[in-house]
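Chemist: this is a predicted model, with the sequence first.
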Amino acid sequence: MLLRLLIRLVVLAVAIFLTAWLIPGITVKGGFLTYLWVAVILALVNLIVGPLLTLISLPLLILTLGLFSLILNTALLGIAAWISDDLSIDGFWPAFFGALLIAVIAAILQALIPDPKRHAQTA
């Protein structure tokens, strides 16, 4: 279980690295450990603040058929940047596209990593 958590954090750190490399306006100061630290902060923000923001914005989520979740993810990335001195974002649009890209890259990388529980259930 601890190994899966570490793998997820490394995947998130790689997604943040690729996003900072691809999106102008998103910068991370430091090396691999800094990216890992920013991934931990983003994961904690998503874990603690994410459900609260989702609950508060539930009417907007229903009204927009879930598209408001893009704005929520943008806000969560902005909160993570506000907490961390190592992550800086230069405005709404870099945060918006950064949050979108982090989610897509992390989902793709997670799908590429074999999960023993997923394979045990299908067998």
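Modeler: Cool, got the structure. Computed from a predicted structure; not experimentally measured.

Chemist: what does the pLDDT read for the closest residue to residue 28 other than its chain neighbours?
Modeler: Distances taken as CB to CB, 6 or more residues apart in numbering place residue 20 nearest to residue 28, at 4.8 Å, with adjacent residues excluded. Quick note: C-beta positions are derived from backbone N, CA and C, even for glycine. Per-residue confidence at residue 20 stands at 96 (pLDDT).

Chemist: mind listing what's buried along the helix or strand where residue 20 lies?
Modeler: Taking DSSP states H and E as the definition, residue 20 sits inside helix 2-22. In terms of neighbour count (16 or more other CB atoms under 10 Å), helix 2-22 has its buried residues at 8-20.

Chemist: next one: stretch 19-36
Modeler: For stretch 19-36, by 16+ other CB under 10 Å, it's 19-20, 23, 26, 28, 34-36.

Chemist: longest helix anywhere in this protein?
Modeler: The longest helix of the chain (DSSP state H) is helix 32-56.

Chemist: for the host helix or strand of residue 108, packing partners?
Modeler: Per DSSP H and E: residue 108 is located in helix 92-112. Contact analysis of helix 92-112 by 3 or more CB pairs under 8 Å, 6 or more residues apart in numbering; DSSP states H and E lists helix 2-22, strand 26-28, helix 68-83 as its packing neighbours.

Chemist: what angle sits between the longest one and helix 92-112?
Modeler: On the basis of axes from the mean of the first three to the mean of the last three CA atoms, to 10 degrees, helix 2-22 is oriented at 140 degrees to helix 92-112.

Chemist: next one: the last one
Modeler: Here helix 68-83 points in a direction 100 degrees away from that of helix 92-112 (the same axes, to 10 degrees).

Chemist: I'd assumed residue 112 was in contact with residue 7.
Modeler: No - with contact defined as CB atoms under 8 Å, residue 7 does not reach residue 112; the gap is 11.3 Å.

Chemist: spatially nearest residue to residue 75, not counting backbone neighbours?
Modeler: For residue 75, the spatially nearest residue (CB to CB, 6+ apart) is residue 53, at 6.5 Å.
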